[in-house]
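1. No sequence on hand, only this structure:
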């Protein structure tokens, strides 16, 4: 074994440490999504509430939020009431139930109210792969033609909605109205 | 007065550990016998003062001294005495003091039980542990002093212990976990001492093996206890959530498992030395990260970091020093000489290398999944769950592969095993495993592939172990041969049996879980999993520091009474927080589990009813594995005194016996 090989663990650790340090103290840019400006990926998946298959066409016609969620996701529990409020304000929200048990998802929706117009059951995560989902929740803003315009990683709370999403959503509504 | 004495004792303990960290190390370097000899008394002094400081804090809790800020925040005069005591480690400051105390205890134990170590080795080991203790106590005294006073305005009563922690499981879980975490510091200290002394040999592996085994067993018990606690206390019926706190304890356990196996190879065959050292460093580093990040709250939210940057910066600095320093030392001092021991493809060395790789990859996977949301939060402020889908997808196949290798690794020989002989030995095992799996599926009336696959894997492990027992005793006959087998050999089988039992528990409890959520009014009944649950209503009861609604649920099976369950919804008065106490009828083959949800008016409740088959097997497996570790550590060869060996060589054995 050569000496430089033994240095490898130290080097790996130092690289990791530098990343952690930068991560904790700097305020860098948000992660860009490769999907922005591209059409929402096509899919053919069952609906969570039953009643047949859904495809990309179901998401067309109106600007909307597409929210990736799961009952296993603790952060989604925090986000859910906010989505309910947004729905009450007339925001169109579609759900992608990511890698979840369908019975659990139905129970969740019955228990905490259902803010989704439609809900796609992505049980094996194929749509999630196309969307480049890291975890949940993630939310995509799509326009009336089904083009992804913005992506938010993590929980949407009132502040995120006000500062990042509301303006963009209104803009898409205006575009669609013209 | 007492808290000040405690603080003083803590500072004195720091002085002792600082001296312990420096003088014996210098002594070992300069060859000063007196300085090396200081190591043991210094270790005793450190432990004595830490124990005194801990006793002072415990007394402050017992007598409700709310002038101590930490007591005021974590206790209440209405708390029963045993929770007052366990509240000592109920939050950050006290649990760090417990950590330091346990480190002091391990240091003390090493100084007592390592009489046969060479003088310079013992001095170095104790010194490295002293250095770790110094770091911890500086952190404790500078940033997290548990003895700070709230003067002159002493609160009339305390804010109470977090109700989640008012439970037997949480009385014993943290000390067990810390025994494991801190215990890896011994393996770490042995590794560093060996690197410093340039003596990375079989003797080193032999010395550190029992210590590592004991620490690893404690960690296993701690994890099992934590999982059991989550199951009955959180009220969701789940037993593992892949949350950062759990992951922080699982990672050192996985690396520790790899270390235990790799130490065996180093001791028996003298290979993998550098790799073993690296694992010892990794296991302790992950333990450190676990304690620090969990306790400081950084792992659950970076905002905890931002709110108290002094702690965070200290933690990062300390981790950097310990991990960076030890890896730097590794790069400088690890042996580069190629080992002369050769081994073939089908050898125990290869199989254990496979075991090590799988375990390390599993730990790395979990590390990535745990740190990624944290990094993302730090980078963009976004909150994200990388939940069970990620972990299950990556972790479960790795564990299946590990079980596949396990049986082969048990029967295979050191150095080289003829492939044909091995195949001849394992073919009946494979056939038996498949047959037993099909029989098991038939018994349960379930031929789902996850159940069948895990059945087959578990039987592969168990039958493989039996096959090896028969093979080991083939020359002497079973009855005589069994008595001749070493304790550590039985320990191996016990630990492996634990893995098989745990795997069966996991798959059966998740695949055959019967569960209903429903509204139940008094007199209503529901049938779940062949059991008849009758809700007889609820009544109000009062505890020492809580009041609760306690329901009565009578369970029958085919008209025969089985159990009466009393799930509770408790309101802890001091913090006004609601807690769910599940009503559980435990059994070896199934658990009946009832938890109360929300009151729905007219005496009706939202009730969650589970029938969980084989769920106990998960923790039973964990405990068996840990017992295996303890049994292996108790193997006679670790206690052989030098004297006995000398007597043996002089031919005085018979005379002595």
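-> In hand now; what should we look at? Quick caveat, the model's predicted, so the values are computed rather than measured.
2. Give me the residue ranges of chain B where confidence is low.
-> Judged by pLDDT under 70, chain B has its weakly predicted residues at B:235-236, B:293-309, B:336-340, B:377-385, B:639-657.
3. tell me, what residue is most central in it?
-> residue B:219 (2.1 Å; Cα atoms, centre = their mean).
4. contacting residues for that one?
-> Residues near residue B:219 by Cβ atoms under 8 Å, 6 or more residues apart in numbering or on different chains: B:176-177, B:179-181, B:183-184, B:249, B:252-253, B:256. For glycine as for every other residue, the C-beta is placed from the backbone atoms N, C-alpha and C.
5. and the residue nearest to residue B:612 when sequence neighbours are not counted, how many neighbours?
-> Distances taken as Cβ to Cβ, 6 or more residues apart in numbering or on different chains place residue B:591 nearest to residue B:612, at 4.5 Å, with adjacent residues excluded. Counted with other Cβ atoms under 10 Å in any protein chain shown, the neighbours of residue B:591 add up to 22.
6. Can you give me the domain boundaries for chain B?
-> B:1-166, B:200-308+B:326-417, B:418-511+B:619-656, B:514-613 (automatic domain parsing).
7. ok, residue B:470 - how many residues close by?
-> Residue B:470: 11 neighbours (other Cβ under 10 Å).
8. isn't there a strand covering residue B:77?
-> No. If the criterion is DSSP: H, G, I helix; E, B strand; the rest coil, then residue B:77 is coil and not within a strand.
9. if I pick it, what's in contact with it?
-> Residues near residue B:77 by Cβ under 8 Å, 6+ apart: B:64, B:157-158.
10. Would you mind giving the residues you listed as TSV with neighbour count added?
-> As requested, these are exported to TSV (neighbours: other Cβ atoms under 10 Å in any protein chain shown):
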residue	neighbour count
B:64	18
B:157	13
B:158	24
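11. any idea which of these is closest to chain A?
-> residue B:158 (29.5 Å; Cβ to the nearest Cβ).
12. So the closest one is in contact with residue B:69, correct?
-> No. At 10.2 Å, residue B:158 does not count as touching residue B:69 under the criterion of Cβ atoms under 8 Å.
13. returning to what we had before: kindly reformat the contacts of residue B:219 as JSON lines containing distance to residue B:376, secondary structure and neighbour count.
-> Below are these laid out as JSON lines (distance: Cβ to Cβ, whole Å; DSSP: H, G, I helix; E, B strand; the rest coil; neighbours: other Cβ atoms under 10 Å in any protein chain shown):
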{"residue": "B:176", "distance to residue B:376": "32", "secondary structure": "helix", "neighbour count": "20"}
{"residue": "B:177", "distance to residue B:376": "27", "secondary structure": "helix", "neighbour count": "26"}
{"residue": "B:179", "distance to residue B:376": "33", "secondary structure": "helix", "neighbour count": "19"}
{"residue": "B:180", "distance to residue B:376": "30", "secondary structure": "helix", "neighbour count": "28"}
{"residue": "B:181", "distance to residue B:376": "27", "secondary structure": "helix", "neighbour count": "30"}
{"residue": "B:183", "distance to residue B:376": "33", "secondary structure": "helix", "neighbour count": "29"}
{"residue": "B:184", "distance to residue B:376": "29", "secondary structure": "helix", "neighbour count": "30"}
{"residue": "B:249", "distance to residue B:376": "23", "secondary structure": "helix", "neighbour count": "23"}
{"residue": "B:252", "distance to residue B:376": "24", "secondary structure": "helix", "neighbour count": "30"}
{"residue": "B:253", "distance to residue B:376": "26", "secondary structure": "helix", "neighbour count": "27"}
{"residue": "B:256", "distance to residue B:376": "28", "secondary structure": "helix", "neighbour count": "32"}
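14. want to try CSV for these, with distance to residue B:262 as columns?
-> Formatted as CSV, these follow (distance: Cβ to Cβ, whole Å):
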residue, distance to residue B:262
B:176, 24
B:177, 23
B:179, 22
B:180, 18
B:181, 19
B:183, 17
B:184, 14
B:249, 21
B:252, 15
B:253, 15
B:256, 10
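15. how distant is the helix or strand of chain A with the lowest mean pLDDT from the center of its chain?
-> Ranked by mean pLDDT, DSSP states H and E, the weakest helix or strand in chain A is helix A:3-25, scoring a mean of 77. Offset of helix A:3-25 from its chain centre (Cα atoms, centre = their mean, to the nearest Å): 31 Å.
16. Any figure for the gap between the residue in chain A positioned nearest to chain B and residue A:80?
-> Using Cβ to the nearest Cβ, residue A:154 is the residue of chain A that sits closest to chain B, at 2.8 Å. Look at residue A:154 and residue A:80: by Cβ to Cβ, to the nearest Å, they are 14 Å apart.
17. what about the closest residue to residue B:259 other than its chain neighbours, helix or strand, and which?
-> In space, and not counting its chain neighbours, residue B:259 is closest to residue B:279: 4.2 Å by Cβ to Cβ, 6+ apart. According to DSSP states H and E, residue B:279 maps onto helix B:273-296.
18. how deep is the residue lying closest to residue B:448 once chain neighbours are set aside tucked in, by neighbour count?
-> Setting aside the residues directly before and after it, residue B:448 is nearest to residue B:511 in space (Cβ to Cβ, 6+ apart), at 6.2 Å. For residue B:511, the neighbour count with other Cβ under 10 Å is 15.
19. Next up, the contacts around residue B:511.
-> Residues near residue B:511 by Cβ under 8 Å, 6+ apart: B:446, B:448, B:450-451.
20. Identify the residue spatially nearest to the residue of the stretch 51-200 of chain B found nearest chain A, adjacent ones excluded.
-> For the stretch 51-200 of chain B and chain A, the shortest gap (Cβ to the nearest Cβ) falls at residue B:195, measuring 10.8 Å. The spatial neighbour of residue B:195 that comes closest, neighbours along the chain excluded (Cβ to Cβ, 6+ apart), is residue B:333 at 4.4 Å.
21. Nothing else from me, thank you.
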